[in-house]
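Participant: From the sequence below, what's the structure:
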Amino acid sequence: MNSTPALATPSVYKPNRDLSEPCSSIPDNVQPPSGDVRKWQDECALRGWAESSRRAARVTVFVLSDLIAGFAGVYAVLATWSLVSANGLRPHPNEVPLLAMVACLQPLALAGTGAYGSGRARTDFLRIAGGIFVAALLGWVQARLFGRLDPTLPNKAAYLYSAVVITTFVWLVRIALDRIIVTAYRAGVLQRKVIVIGSEDEAEELADKCSDALSDLRIVGRLAPEPQDGLRLPVHGQSANADGVPFFGAADALRQALSRTEARTVIVTAGLPFPRLQEVIERCFRAGAGVSLLPRALRNFSGVEVHVNRTAAGPLLQLRPFGLELPQFAVKRAMDIVLTLAVLVAIWPVLLLIAIAVKLGSCGPILFSQERAGVGGRPFRMLKFRTMCDGADARKGDLQHLNTSGDPRLFKIPGDPRVTRVGRLLRRTSLDELPQLLNVLKGDMSLVGPRPFFPGDLAGYDRHHFERLHVLPGITGLWQVSGRSDVVDFEEVVRLDREYIQKWSVWLDIAILFRTLPAVLGRGAY
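Facilitator: Okay, here's the model as predicted:
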């Protein structure tokens, strides 16, 4: 009699601990994850897809908005063509090539200029204008190739006019989208939840920096970089420091922390040995989380721009000091020369009247020149209409006790006894600064930039103060339109100057120039 073999009983995984109790002391690449493995794999996949989808969604939204703005710009061009075509003498262009330029060439050209990047790139006027003008140029070349076959194709003037109008439409739509995004950030929407692997101080510092309403990051938890004896993941993910960043144990507990916080990104701030850093990065990848490294050496080094270069030696971080690169400097310098010449032609009678008033008001020269520190600390002679009695500089040391700022680098005396009657009016209206237009033409100054201080003040500068010397000093600047003489904290002045350098654009300069007149009339100087 044949005996039926007994069925093999499948082995069952029996943990030697309660699965409801999280464990952070055993690495998650050794211990099977608690619960349903399929659920954990789904979570990992979703985290990876979420980050990719976020980037794709951002680009898609801006591509669609650019297309809508571009199509609207084309029809605005067609509707207003008679106004710019010598009363209709030039033939009305065919809209099909212009629409094709917007649909096919514009997205590629904008991508080429980096206009689909994150942060400031999405509203950078130069990137947007550059991309659209490149698309218009390519469209015109294509039209020239087929011009003999179809004389109704748009001509050079039509493409140029279209580029100007479309650039305006696209930029305005992007500004509106940017305002919507900023509003969403303030409401806590669209922000990326981030877990920090580092010390408590590092996590708190990052949380403070990301607390700005404009930040797209929100720190939701912290993990210790190294396993610690007796360190366990707090129940329900509660922080041991209830008032700070929630703490979730060692880096081995990454999966649990990601699940509880719904974070999809990890920032590693600690300076770990390479084997441990490699292990932490691999752990993040296995959990489906994106990884960013914040080098300890660059954490508080705000005066540099960082670029990643891929070389045969591996990825290298290239550091550059903040400042305007050659294309930006060329654009800014050209704008300075054109606007300065236009202003001088328009106001020369005013300059003549002021010169007569200064000469009749008190003894001494009409113009006053003073040595100031320019770009890189290079000294130059800055011009002003004389507002003080002759020899006022020699009395500065006797009046230091009247300095209301408390900082010798910001010498401010309300009711300065050295100021003449005419000089008080000129200072109140900032008309004494007008001769600096000659400094702009000479190349020592710019219309907009950090105000130049005295070369002797450089000896009292800290390291980060020198960042304001990376660009040409200006007649007006972010400091002037943000408070002028009311801002008496030198650190606040430096912060505003650094903010200007980091965020520079043509439109920022134009905005500051437009804000300068109300600032002068509203507060003035003394």
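Participant: Spell out the residue ranges of the helices in the protein.
Facilitator: Using DSSP state H, the helices of the chain run over 37-84, 95-100, 106-112, 125-145, 156-186, 200-209, 254-261, 274-286, 326-361, 421-429, 436-442, 478-481, 490-502, 506-522.
Participant: Which one, of the ones you listed, ends up nearest to residue 311?
Facilitator: Shortest distance between residue 311 and the helices of the chain, using Cβ to Cβ, is found for helix 274-286: 18.2 Å. C-betas here are computed from N, CA, C, even on glycine.
Participant: That closest one packs against which elements?
Facilitator: Judged by 3 or more Cβ pairs under 8 Å, 6 or more residues apart in numbering; DSSP states H and E, the packing partners of helix 274-286 are strand 265-268, strand 290-293.
Participant: Could you list the buried residues of it?
Facilitator: 277, 279, 280, 281, 283, 284 (16 or more other Cβ atoms under 10 Å).
Participant: who's in contact with the third one?
Facilitator: Taking Cβ atoms under 8 Å, 6 or more residues apart in numbering as the definition of contact, the neighbours of residue 280 are 197, 225, 251, 268, 272.
Participant: Pull out the buried residues from the residues you listed.
Facilitator: 197, 225, 251, 268, 272.
Participant: before we move on, the earlier item: can you put the buried residues of helix 274-286 in CSV and add pLDDT and distance to residue 140?
Facilitator: Shown next, in CSV, are the buried residues of helix 274-286 (pLDDT from 0 to 100; distance: Cβ to Cβ, whole Å):
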residue, pLDDT, distance to residue 140
277, 80, 52
279, 81, 56
280, 80, 53
281, 81, 49
283, 79, 54
284, 79, 49
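Participant: Quote the end-to-end distance of stretch 116-130.
Facilitator: Terminal residues of stretch 116-130 are spaced 13 Å apart (Cα to Cα, to the nearest Å).
Participant: If you average the pLDDT over that stretch, what comes out?
Facilitator: Rounded to a whole number, the mean pLDDT of stretch 116-130 is 80.
Participant: Please apply the same query to stretch 477-497.
Facilitator: Here the average pLDDT along stretch 477-497 is 74.
Participant: do stretch 327-345 as well
Facilitator: The model assigns stretch 327-345 a mean pLDDT of 87.
Participant: In it, which of the residues would be classed as buried?
Facilitator: Result for stretch 327-345 [16+ other Cβ under 10 Å]: buried residues 332, 335, 336, 339, 340.
Participant: Convert the C-alpha atoms of it to CSV, please.
Facilitator: Output in CSV follows, covering the C-alpha atoms of stretch 327-345 (Å, rounded to 0.1, in the frame of the first residue of the first chain):
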residue,chain,number,x,y,z
PRO,A,327,26.8,88.8,-19.5
GLN,A,328,25.0,90.2,-16.5
PHE,A,329,27.6,92.9,-16.0
ALA,A,330,27.5,93.9,-19.7
VAL,A,331,23.7,94.2,-19.5
LYS,A,332,23.8,96.3,-16.3
ARG,A,333,26.6,98.5,-17.7
ALA,A,334,24.8,99.1,-20.9
MET,A,335,21.6,100.1,-19.0
ASP,A,336,23.7,102.4,-16.7
ILE,A,337,25.1,104.3,-19.7
VAL,A,338,21.9,104.6,-21.6
LEU,A,339,19.8,105.8,-18.6
THR,A,340,22.5,108.1,-17.3
LEU,A,341,22.9,109.9,-20.6
ALA,A,342,19.1,110.2,-20.9
VAL,A,343,18.9,111.7,-17.4
LEU,A,344,21.7,114.1,-17.9
VAL,A,345,20.2,115.4,-21.1
